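J.: Give the three-dimensional model of this entry:
(one chain, ligands or ions: 1)
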Amino acid sequence: MTNYPVNTSLKPDVQAFFDEATNTISYIVKDPASNSCAIVDSVMDIDYAAGRITFEHADELIRQVKARGLTLEWIIETHVHADHLSAAPYIQERLGGKIGVGSKITVVQDVFGKVFNEGTEFQRDGSQFDALFEDGDRYRIGEMECFAMYTPGHTPACMVHVMGDAAFVGDTLFMPDGGSARCDFPGGSAETLYDSIMKVLALPDEMRLFMCHDYGPNGRDIQWETTVADEKAHNIHVGGGKTKEDFVKFRTERDAQLGMPRLIIPSLQVNMRAGEVPTDKDGNPMLKVPVNGL
Ligand SMILES: [Fe+2]
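T.: Sure, this is the predicted structure:
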């Protein structure tokens, strides 16, 4: 197993932004020693029925970064989301920063390049992003050293990003009463997700974990922050001594009953391009719907 450079004595300031339309949580993460920051998992608003894209959520992130006088160094995508669209390029244009994703984005681009019948102008080499992370890769936000952990299972390109004592888990885990994310997208695997979750739960007990999604199960208020210790003890899918076998059986049965996420078709086309909306041959923004293609 990779030897990760964990340092929980660094405690970044984490500001969360909940997007009600997609139940996504975006974050501004600030280096405690400087004014440098990162944004994790931004959201671009879409009214899919109308084909209308707007930027209320991203504008709020931008406003906050400016109001706090922060310098944006990184725009991190934990994975290619299937349920919301990334606003990474919109934010980058206004605040700078490098857009980073897991290096296995190329697998996702290959699979969905075929599904959406993309031409050769759609590069499957991850070149739409500024940085492609491998397992254990280190990078800095100001003076704070951060690293990426490769955590496939939900998708082949999922990474957990660890910044001091804060880990941004993407869709590897939900809050303890939410369990885990589905594994039935192309390239997903319940066995692999279980192993990835165990990597996350091998981080120090006190590590703060920040979710990408919360759906407020059983009517509770929306939450997004927990700890490794709490997940180990209470996660309904993997905590409290559940075995890999239990998890794989449960996850596979559950996934077989799930419908497609409402925004999967626009999300994949945009997110596999690092948040750029594809264009038609005349250069106009245009999305496709592959009939019976998913
Ligand atoms: Fe996801």
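
J.: Quick check: the residue of the stretch 101-250 of the chain nearest the ion.
T.: Relative to the ion, the nearest point of the stretch 101-250 of the chain is D171 (3.8 Å; C-beta to the ion). Using the backbone N, CA and C atoms, a C-beta is placed for each residue, glycine as well.

J.: how about the helices in the stretch 151-294 of the chain?
T.: Chain-ordered helices for the stretch 151-294 of the chain, with DSSP state H, counting those that start in this stretch as the definition, fall at 190-201, 228-234, 244-255, 264-271.

J.: could those be laid out in JSON lines, adding mean pLDDT and distance to V43?
T.: What follows is the helices of the stretch 151-294 of the chain, written out as JSON lines (pLDDT from 0 to 100; distance: least, C-beta to C-beta, whole Å):
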{"stretch": "helix 190-201", "mean pLDDT": "97", "distance to V43": "23"}
{"stretch": "helix 228-234", "mean pLDDT": "97", "distance to V43": "24"}
{"stretch": "helix 244-255", "mean pLDDT": "96", "distance to V43": "24"}
{"stretch": "helix 264-271", "mean pLDDT": "97", "distance to V43": "10"}
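
J.: who touches the residue of the stretch 101-250 of the chain closest to the ion in this structure?
T.: Under the criterion of C-beta atoms under 8 Å, 6 or more residues apart in numbering, the neighbours of D171 are T78, H79, H81, H154, T155, C158, A181, C212, H213.

J.: Give me the nearest residue to the fifth one, chain neighbours excluded.
T.: The shortest distance from T155 to any residue other than its chain neighbours is 5.0 Å, reached at H79 (C-beta to C-beta, 6 or more residues apart in numbering).

J.: That neighbour contacts G153, doesn't it?
T.: No. Using C-beta atoms under 8 Å, H79 is not in contact with G153; the gap is 10.3 Å.

J.: Among the contacts of D171, the buried ones, what's the PyMOL command?
T.: In PyMOL, this line selects whichever of these come out buried by 16 or more other C-beta atoms under 10 Å:
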select buried, resi 78+79+81+154+155+158+181+212+213
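
J.: Return only those of the contacts of D171 found close to the ion.
T.: H81 (C-beta under 5 Å from the ion).

J.: Which residues of the stretch 151-294 of the chain lie near the ion?
T.: D171.

J.: what do you get if the cut-off is 8 Å, keeping everything else the same?
T.: Counting by C-beta under 8 Å from the ion, the stretch 151-294 of the chain comes close to the ion at H154, T155, C158, G170, D171, A181, C212, H213.

J.: dump the residue contacts of the residue lying closest to D19 once chain neighbours are set aside.
T.: Residue nearest to D19 in three dimensions, not counting chain neighbours: V43, with 4.6 Å by C-beta to C-beta, 6+ apart. Counting by C-beta under 8 Å, 6+ apart, V43 touches D19, A21, T22, T24, S26, H57, A58, H84, L85, S86, A87.
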